[in-house]
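Chemist: mind folding the following:
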Amino acid sequence: MKKLSGGKILSAVIIAAIALTGCVKQGASVKEDNQAPQMVPIAQAQPAAPKVKPMVHMPPPPPEKSDPEIIAEAQTRASHLKKAVDAEIAVVKPGPLPEQQKEDKGQVAAQQKAETSKPKKSQYKPQPTLEPAPVAVEPRQPSPETAPPKPASQAKVAPSVAGVFNGTPAPTLISVAKFNKSTGLPEDLVTSVFVDDSDAWVGTNGGGVARLNFAENNWIITKKVDGLISDFVTDIAKYKGMVFVGTNEGVSIWDGISWKNKQMIEDTVELSNATFAFSDNSLWIAARNMRGGIIEFDGEKWIKRSNIRPGVILNNVSAMAFDKNQIWIGTTSRGLYAKRGRDWEIFSVTEGLASNFIYSIAVKEDKCFLGGCCGLSYYDGSKWSIFDVPDGLPHSTVNDVVYDGPILWIGSKNGLSAYNGEEFTNYYAEDGILVDNRVTSIFVHGDELWVGTAGGLSRLKKGE
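Modeler: Predicted coordinates:
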C-alpha cells in the first residue's frame, strides 16, 4: 500500500469540503438517511351521503263486506274445492289387495302354472274356464268395513221404479274365466270392454287393447307401436264394422285392415279421453277435456254438436246416453244436461244429484241412473233421490251402470251389484266371482256379463 504525504492529505480534505459546500445550501439541514418520509395525502375522502328511506304510501283499507258477500265467497271457494275433490276421486287408483284376495290370486296363479304353459305374449291361448263348477251367489250385505249391517229387503225405492223394474230376483252368476297379466292381458287395470259374437275387445290403462278371438281362443295385443294412438284406453265401441278406441290422446279406428288415428275435428274439438254412445243411426263421441265436446259420426261425416243452444257450449263431457228421442249428457263439473223435448234441462247437486261429476249414465223409459263419487243418483221422471251404502250399495263410488232387462248392474269400488227395483244383490271377489272387487266397467252380451276391474277381467255367465 502506497503511503500519502501530509500535504496531499490536506489537499484532499480541502477539495472534499469545497464539494460539500456546493451541494448543500446554507441554512439547510441534512436529513438522516433512515428518517421516514412524510406521507402526503392524495385527496381527502368525502363523507358518505346519508341514506334516505323511500316513502311508503299505504292504500286505504277496503270497505267492509256484508254478510251475504262473505257467504257468497265462501260458497264459491267450497265449490272450487269440491270440483278438485271430485276430479281426484274420479281417478281409479288401485291400492294393495286385501289379504283374502292375495291368497285367492296366489291359488289361481298356482293352478294356472300347473295346467298351462308359459304365455307367448299376444298369442297366448287362455283356458276357457278356471272354475267349471257353477258358483251361486245369494244376496249379500256390504262388508262390515264398508257399511253397517242392514237386511237387503230394506233397500227399497220409490214405487215409481215399478215402471222399469218388476222385482225379478237377481240372477246367480257362474264364473267362466278370469284374466289378468298372467293369463293374457297386457295390464291388470281394465278400463273398458266391448263384446260381439266374434271378439272381446278389452281396453287397459297403459297396455293398449287386448282382443280375445273366440274362434281361435287367443289374445291379440295392440299397442302404440302397432298403430294405436296411445296405450291408455278410455272406451271401446263398434260401429258399422269399425272398432273405435278412445284414448287419452285421441281416437283410433280399426277398419279390419289397419289403424287410423284422429285427434282433432276441424282444429276446434280435441278428441282426448273419449267415450262413446249410440243413437238410432249414429255414433256419438264425448271428449273429456277443456277443448273437448260432443261429436256425431254417421259413418262418413263428423258433425260438431257441442253448441247445444246459443251461448252454451259443452266441453269436459264425461258420459252420454240416449233413450228414444232423449239425450242425456254428463259433465265433469256442471252436472247433467238432458233434452227430453224442445228445451234442455240442467241438473246439479242443487236439484238433488249426488255429485256434479258424472261417471256413467243409464236411461230407460225416462228413468235415469247416474254413477259418481258420492252414491247412485236416481231420477224417476220428476225428482232425484240418492242411494248409498246404508241403502245396500257396497261402496259410495259408482264407476259404471248398465241396464240389462229388469236388472240394473252397478260397478263400484267394492264389488258388483244387481238392482231389481227392490233390493241390491252384491257380488264379491271373496265369492269366487270377481277377479278384483274394484269394478271399473261392465258389458252385457246375451247371457254373459263381462266385468272389468282394477285387477283384471271376469267373464261371467248368468244363471237362474
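
Chemist: tell me where the stretch 101-250 of the chain has strands.
Modeler: Under the criterion DSSP state E, counting those that start in this stretch, strands of the stretch 101-250 of the chain are mapped to 173-179, 190-195, 199-204, 209-213, 218-222, 233-239, 242-247.

Chemist: and the ones you listed: which comes nearest residue 435?
Modeler: Residue 435 lies closest, by Cβ to Cβ, to one member of the strands of the stretch 101-250 of the chain: strand 173-179, at 4.3 Å. The way it works is simple: take the backbone N, C-alpha and C, and place the C-beta from them, glycine included.

Chemist: can you give me the angle the closest one makes with strand 190-195?
Modeler: 110 degrees (axes from the mean of the first three to the mean of the last three Cα atoms, to 10 degrees).

Chemist: strand 173-179: partners in the sheet, and parallel or antiparallel?
Modeler: strand 456-462 (antiparallel) (DSSP bridges).

Chemist: which residues are in contact with the strand it pairs with?
Modeler: The contact list for strand 456-462 (Cβ atoms under 8 Å, 6 or more residues apart in numbering) reads 171-181, 183, 185, 188, 190, 193, 200, 202, 433-436, 447-451.

Chemist: what mean pLDDT does that strand get?
Modeler: Averaging pLDDT along strand 456-462 yields 97.

Chemist: now, of the contacts of strand 456-462, which are buried?
Modeler: In the contacts of strand 456-462, burial by neighbour count holds for 171-180, 183, 185, 188, 190, 193, 200, 202, 433-436, 449-451, counting by 16 or more other Cβ atoms under 10 Å.

Chemist: I'd guess residue 350 is in a helix, am I close?
Modeler: Yes - counting by DSSP: H, G, I helix; E, B strand; the rest coil, residue 350 is located in a helix.

Chemist: so what's the residue count around the closest residue to residue 451 other than its chain neighbours?
Modeler: Nearest in space to residue 451, with sequence neighbours left out and distances taken as Cβ to Cβ, 6 or more residues apart in numbering, is residue 458 at 4.4 Å. Residue 458: 26 surrounding residues under other Cβ atoms under 10 Å.

Chemist: quick one: residue 458 and residue 199, what's the gap?
Modeler: 17 Å (Cβ to Cβ, to the nearest Å).

Chemist: residue 368 is nearest to which of the strands of the stretch 101-250 of the chain?
Modeler: strand 233-239 (19.7 Å).

Chemist: that closest one - contacts with which helices or strands?
Modeler: strand 190-195, strand 199-204, strand 242-247, strand 274-278 (3 or more Cβ pairs under 8 Å, 6 or more residues apart in numbering; DSSP states H and E).

Chemist: in the last one, which residues are buried?
Modeler: What that stands for is strand 274-278. Applying 16+ other Cβ under 10 Å to strand 274-278 flags 274, 275, 276, 277 as buried.

Chemist: ok, now which ones touch the nearest residue to the last one once chain neighbours are set aside?
Modeler: Looking back up the chat, that one is residue 277. Computed as Cβ to Cβ, 6+ apart, the closest residue to residue 277 that is not its neighbour in sequence is residue 320, at 3.9 Å. If you count contacts by Cβ under 8 Å, 6+ apart, residue 320 has them with 275, 277, 284, 286, 294, 327, 328, 329, 330, 361.

Chemist: got any ranges where this structure has weak pLDDT?
Modeler: 1-63, 65, 78, 80-163 (pLDDT under 70).

Chemist: can you map out the helices along it?
Modeler: Under the criterion DSSP state H, helices of the chain are mapped to 6-23, 67-90, 99-115.

Chemist: residue 385 reaches residue 375, doesn't it?
Modeler: No - using Cβ atoms under 8 Å, residue 385 makes no contact with residue 375, being 9.7 Å away.

Chemist: out of those two, which sits in the busier spot?
Modeler: Using other Cβ under 10 Å as the criterion, residue 385 and residue 375 rank with residue 375 on top: 24 against 17.

Chemist: residue 289: neighbour count?
Modeler: Residue 289: 17 neighbours (other Cβ under 10 Å).

Chemist: just give the closest residue to it, not the sequence neighbours.
Modeler: Per Cβ to Cβ, 6+ apart, closest to residue 289 is residue 272, 5.0 Å.

Chemist: and that neighbour, how far from residue 359?
Modeler: Residue 272 sits 17 Å away from residue 359, going by Cβ to Cβ.

Chemist: go on, residue 249?
Modeler: Residue 249 is 21 Å from residue 359, by Cβ to Cβ.

Chemist: again, but for residue 236
Modeler: Between residue 236 and residue 359 the computed distance is 17 Å (Cβ to Cβ).

Chemist: contacts only, for residue 400.
Modeler: Residue 400 touches 359, 360, 371, 409, 410, 411, 439, 440, 441, 442, counting by Cβ under 8 Å, 6+ apart.

Chemist: who does the third one bridge with?
Modeler: This points to residue 371. Applying DSSP bridges, one finds that residue 371 bridges with residue 360.

Chemist: confirm for me that it is in contact with residue 402.
Modeler: No - judged on Cβ under 8 Å, residue 371 makes no contact with residue 402 at a distance of 9.8 Å.

Chemist: who has more neighbours, the two?
Modeler: Shown here are residue 371 and residue 402; by other Cβ under 10 Å, residue 371 has more neighbours (25 against 18).

Chemist: for the more buried one, which residues are in contact?
Modeler: For residue 371, counting by Cβ under 8 Å, 6+ apart, the contacting residues are 358, 359, 360, 361, 398, 399, 400, 401, 410, 411.

Chemist: could you redo the last one with a cut-off of 7 Å?
Modeler: Residue 371 sits next to 359, 360, 398, 399, 400, 401 when contact means Cβ atoms under 7 Å, 6 or more residues apart in numbering.

Chemist: same check, this time on residue 253
Modeler: For residue 253, the contacting residues are 242, 244, 259, 260, 262, by Cβ under 7 Å, 6+ apart.

Chemist: that one bridge partners, please.
Modeler: Assigned bridge partners for residue 253, using DSSP bridges, are residue 244, residue 260.

Chemist: what separates it from residue 294, distance-wise?
Modeler: 18 Å.

Chemist: got it, and residue 188?
Modeler: Applying Cβ to Cβ, the value for residue 188 to residue 294 is 32 Å.

Chemist: residue 164 now?
Modeler: 26 Å.

Chemist: between the two, which has more neighbouring residues?
Modeler: Legend: neighbour count by other Cβ under 10 Å for residue 164 and residue 294, higher for residue 294 (24 against 17).

Chemist: isn't that one up against residue 303?
Modeler: No - with contact defined as Cβ atoms under 7 Å, residue 294 does not reach residue 303; the gap is 9.4 Å.

Chemist: and residue 439, how many residues sit next to it?
Modeler: 31.

Chemist: residue contacts, it?
Modeler: 399, 400, 411, 412, 415, 416, 451, 453.

Chemist: what pairs with the closest residue to the third one other than its chain neighbours across the strands?
Modeler: The spatially closest residue to residue 411, leaving aside those adjacent along the chain, is residue 439, at 3.3 Å (Cβ to Cβ, 6+ apart). Counting by DSSP bridges, residue 439 is bridged to residue 453.

Chemist: roughly how far apart are residue 439 and residue 412?
Modeler: Distance from residue 439 to residue 412, by Cβ to Cβ: 6 Å.
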